[in-house]
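Undergrad: Sequence and predicted structure, then a few things I'm wondering about:
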Amino acid sequence: MRALLATILLAGASPLAAQTVAITNGTVVVGDGSEPVQGGTVVVRNGRVVAAGRGVSVPGGAEVIDATGKWVTPGIVAGFSRLGLAEVDLGADGSDDTDSGNGPFNAAIDVTPAINPKASTIAVSRADGVTRAVVAPVAGKNIFAGQGAVIDTGDDMDAVLRARAFQFVELGEGGAGIAGGSRATAFVLFRNALREARDLRGRIDGARQDDVLLTRFDAAALVPVVQGKQLLLVHVERAKDILNVLDLREEFPGLKVALVGATEGWTVAHRIAASGVWVIASALNDLPASFEMLAATQSNIGRMRDAGVKVAIGMIDDNDTRYQRNQRQYAGNLVALSKVPGATGVSWSEAFAMISSRPAEAVGIGGEIGSLEAGRRGDVVIWSGDPLELNSAPEAVWIDGVRQPLDNHQTKLRDRYRSLDREALPEAYRK
Amino acid sequence: MRGALAAIFAMALAGCAALAPPPKSKPGTVHIAENPYPSTYHPYGGVPTLIRNATVLDGEGGRIDNGSVLLVDGKVQAVGGADLTAPEGATVIDAQGHYVTPGIIDIHSHLGDYPSPGVQSLSDGNEATSPARPEVWAEHSVWPQDPGFSRAMANGGITSLQILPGSANLFGGRSVVLKNVPSRTVQGMKFPGAPYGLKMACGENPKRVYGSKNQMPQTRMGNIAYVRQTWIKAKEYDRKWTKYEKSGGEIPAEDLAMDTLRGVLHGKILVHNHCYRADEEAIMIDVAKEFGYKISAFHHAVESYKIADLLRENGICSAMWADWYGFKMESYDAINENIAYVQKAGACAIVHSDDPNGIQRLNQEAAKAMASGKRVGIDISEATAWTWLSGNPAKALGISDQTGSLKAGKMADVVLWNGNPFSAYTRPDKVWIDGALLYDSANPKLRPVSDFELGQPGEGDVK
């Protein structure tokens, strides 16, 4: 979203543009894991955060918003999602662009053109304070799903902040199924794909050997992965699968890897910590939902973090097209674990960071989004109360310093059916 | 069935009776067994326990601050204020700052019939071989070793739950109500005396499942036609058996499917109707009137807010999620205020899960629904919101005379929470079922581990 250029006309509203805004007297959460600050001020100018905290002066000409009794935070960053790729998940032909399984390409796929900034899921997420999302394609016929993006949820047509931010690959149970039924095949496919990319990179004339499995497009798309110029997000859940992925980095020293899922991560937490890779984990998996999740527990994230693993929260295969707004509830639930004997929770501040700055850092964009540190993009939410609590809701949302509308399909239905009394005309005339 | 066979044998043995004049107007003596898989559940017993200084939500809309609840012999013996005293030898728990509530009842679960791990071998929730399968009984699919039951208790405070067949079929089969107690057998979990339910489904699922096989139903009109045709058969079956029961004569053939539907027509089996859209709910209400049965609850009723008045007039509950939406077309118009709007209209609201994860946080779903209502000016108290979690589901399941609220004489199905259960930061501290302490967060020995989990990574872990 190009904040300075963004001017959106809404019915009955004045043009929206990035303004200088000072939000005062709120409980300010920077989002970097530091403690909330009472009576803080957040200043946003030219679409960027100028300062956040106590003792911040209000610049002249700023629109001043008094947030007494409110909480002020960076927007929520959805750590792993399919937001904007599907309007409806089932039985709505043509509205779902998550999976390209019937097409010829895999690694070359780039979700950018499939993201619909006007999807109702984006508007619903925005209304609940989700301002950014990591968006991955779904793997179709190949373990490589393609290239994902980091988007914003602003009410304009420029959703993609960073296209081709990462390549996404399935290397656990899902990958095994796609590869032909076994993890062993998935790993051969993986090695071969990277070999083909490496070979292609070495050829100025672009010529290739006869024995190739990938299309030229797909092989070319993996060149930046082999070179370590593009992040590789790898979905694995089982402890041994996690170790397999960490070992791949010895074979392909250039690989820049982050793990997605990692339900059994706590059992090998020290190995993950030593590797230094990021983990974008499901927050509350505690069922042996599959044979790669037998060790599932809600303490997974807390235990990994205590072992020194860098962790963010994502929604992996968990209604990932639309329920990003539940991440703050999930983060709150991780805080709750701190009171359960034998469980390992996380502190409030760290839990919040896991849905703001941590996912941004995990995909290499922490310098731009996810916190209210000076210079970050002006994604700010004023909440009615503690954002990890169930009764809190956003009262105002800015993205790139632009105040956002919070109405959507759901809020309009809410208003239409507030009363069921018969009126002069049918409900269809209530807008 | 067994009853019928036994009677036939009895007649064969009494063969000499053929010499006697044929009994003409004598009522039929053969009865279809109504409870061939009886509950073998017995409460595990506990010590008299007084919980004091708690915020008590009674599940019927009542609240007592600084309240006390006394559990004796598996029952709630008394609920009151600070003056309630403990009998000699009772365990006394000081619950300062904590809440005590009735155990949560999930009216819509597939634990056991779609268990974890979610592999094909264990997936037994949909007999998707015909749009009408009222002859199947969910209890015959329930795997008691599903690890999900323990999560629902320890993390969710679930003490009773209804297991339903899936929604592939218009008539999915009989449901079963369980006590959330670990057991070797499903009979050992069955809620004593709970009526059976019949799972019915509207909308997308049946027409998709059968339409894709080029079978009826392929459309919503096909759904309704098939449902009506099936009820017409059930009425005929009912006439035959009723006539036989009154006047005797030839014993009618017994039909498992029709037995279930006859139970519905006689009000003994409660209808739980999966139905998302308001317009389809309205049609199903008329179908029920056409054939003379009652719908106990619409499940997944994401559009109940559009016809909350109609639901109130017809006395039908809505079992709902707080905020699920858009995952299919019939959930496209879901709104966060649905539950609050149904409550405000004076209709019966229930929070349900349909999900092995969601069942672990129904209290939080109620909290979200309550907050959504409040934001549009519908002030719903915590005590009222708890009726969505225990009192109302108990009513819709026909077990409210036994459980679902903290009233003297009811089953001691109770949760002590470690804070306010409408907060994201709160979890169950202790769970009693019929007065037996079956979960205690402070005691690792009181953490159920299913057979499936023994010897596996994570066995006995905090979940």
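TA: Nice, thanks for sending it over. Numbers count the residues shown, from 1 in each chain, chains lettered A, B, ... in the order given.

Undergrad: quick one, what contacts the residue in the stretch 101-250 of chain B that chain A sits nearest to?
TA: Going by C-beta to the nearest C-beta, chain A is nearest to B:Ser116 of the stretch 101-250 of chain B, at 4.3 Å. Quick note: C-beta positions are derived from backbone N, CA and C, even for glycine. By C-beta atoms under 8 Å, 6 or more residues apart in numbering or on different chains, the contact list for B:Ser116 reads A:Leu287, A:Pro288, A:Ala289, B:Asp146, B:Pro147, B:Gly148, B:Pro356.

Undergrad: can you check B:Ser304 too?
TA: Listed by C-beta under 8 Å, 6+ apart, the contact partners of B:Ser304 are B:Ala278, B:Glu281, B:Phe298, B:Leu311, B:Ser318, B:Met320, B:Asn338, B:Tyr341, B:Val342, B:Ala347.

Undergrad: can you list those in CSV and add distance to chain A and pLDDT?
TA: Converted to CSV, the contacts of B:Ser304 look like this (distance: C-beta to the nearest C-beta, whole Å; pLDDT from 0 to 100):
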residue, distance to chain A, pLDDT
B:Ala278, 9, 98
B:Glu281, 14, 98
B:Phe298, 16, 98
B:Leu311, 11, 98
B:Ser318, 14, 98
B:Met320, 14, 98
B:Asn338, 9, 98
B:Tyr341, 7, 98
B:Val342, 11, 98
B:Ala347, 11, 98
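
Undergrad: Could you list which of those belong to strands?
TA: Here DSSP state E is the test, and the contacts of B:Ser304 give B:Phe298, B:Ser318, B:Met320 as lying in strands.

Undergrad: ok, the second one to B:Asn223 distance?
TA: Noted for B:Ser318: a distance of 20 Å to B:Asn223, by C-beta to C-beta, to the nearest Å.

Undergrad: Pick out whichever of these two has more residues nearby.
TA: A count of neighbours by other C-beta atoms under 10 Å in any protein chain shown puts B:Ser318 above the other of B:Ser318 and B:Asn223, at 32 against 26.

Undergrad: these two touch, right, that one and B:Ala340?
TA: No: applying C-beta atoms under 8 Å as the test, B:Ser318 and B:Ala340 come out as separate, 11.8 Å apart.

Undergrad: Tell me which helix or strand the closest residue to chain A within the stretch 301-450 of chain B sits in.
TA: In the stretch 301-450 of chain B, the residue that lies nearest chain A is B:Ala424 (3.0 Å; C-beta to the nearest C-beta). B:Ala424 is part of no helix or strand when elements are defined by DSSP states H and E.

Undergrad: mind checking pLDDT for it?
TA: On pLDDT, B:Ala424 comes in at 98.

Undergrad: cool, A:Ala17 as well?
TA: 71.

Undergrad: quick one: it and B:Ile105, what's the gap?
TA: Using C-beta to C-beta, A:Ala17 is found at 52 Å from B:Ile105.

Undergrad: Check A:Met157 too.
TA: 47 Å.

Undergrad: Next: A:Ser392.
TA: 28 Å.

Undergrad: Report all helices and strands that the lowest-mean-pLDDT helix or strand in chain A contacts.
TA: The helix or strand with the lowest mean pLDDT-type score in chain A, counting by mean pLDDT, DSSP states H and E, is helix A:183-202 (a mean of 92). Helix A:183-202 is packed against helix A:173-179, helix A:216-227, helix A:239-251, with contacts defined by 3 or more C-beta pairs under 8 Å, 6 or more residues apart in numbering or on different chains; DSSP states H and E.

Undergrad: of those, which approaches B:Trp231 most closely?
TA: Smallest distance to B:Trp231 across the helices and strands packed on helix A:183-202 (C-beta to C-beta): 42.4 Å, for helix A:173-179.

Undergrad: Which of the residues in that closest one are classified as buried?
TA: By neighbour count with 16 or more other C-beta atoms under 10 Å in any protein chain shown, helix A:173-179 contains the buried residues A:Glu173, A:Gly174, A:Gly175, A:Ala176, A:Ile178, A:Ala179.

Undergrad: just checking, what packs against it?
TA: helix A:183-202.

Undergrad: could you check the angle helix A:216-227 makes with the helix it packs on?
TA: Relative orientation of helix A:183-202 versus helix A:216-227 (axes from the mean of the first three to the mean of the last three C-alpha atoms, to 10 degrees): 90 degrees.

Undergrad: Buried residues, helix A:183-202. List them.
TA: For helix A:183-202, burial by neighbour count (16+ other C-beta under 10 Å) applies to A:183, A:186-187, A:189-190, A:193-200.

Undergrad: Out of these, flag the one nearest to chain B.
TA: Nearest member of those to chain B, counting by C-beta to the nearest C-beta, is A:Arg183, at 16.6 Å.

Undergrad: Now the closest one. Nearest residue, chain neighbours left out?
TA: Spatial nearest neighbour of A:Arg183, excluding adjacent residues (C-beta to C-beta, 6 or more residues apart in numbering or on different chains): A:Ala176 at 4.5 Å.

Undergrad: need the contact list for B:Phe291.
TA: B:Arg228, B:Trp231, B:Ile232, B:Ala234, B:Lys235, B:Leu265.
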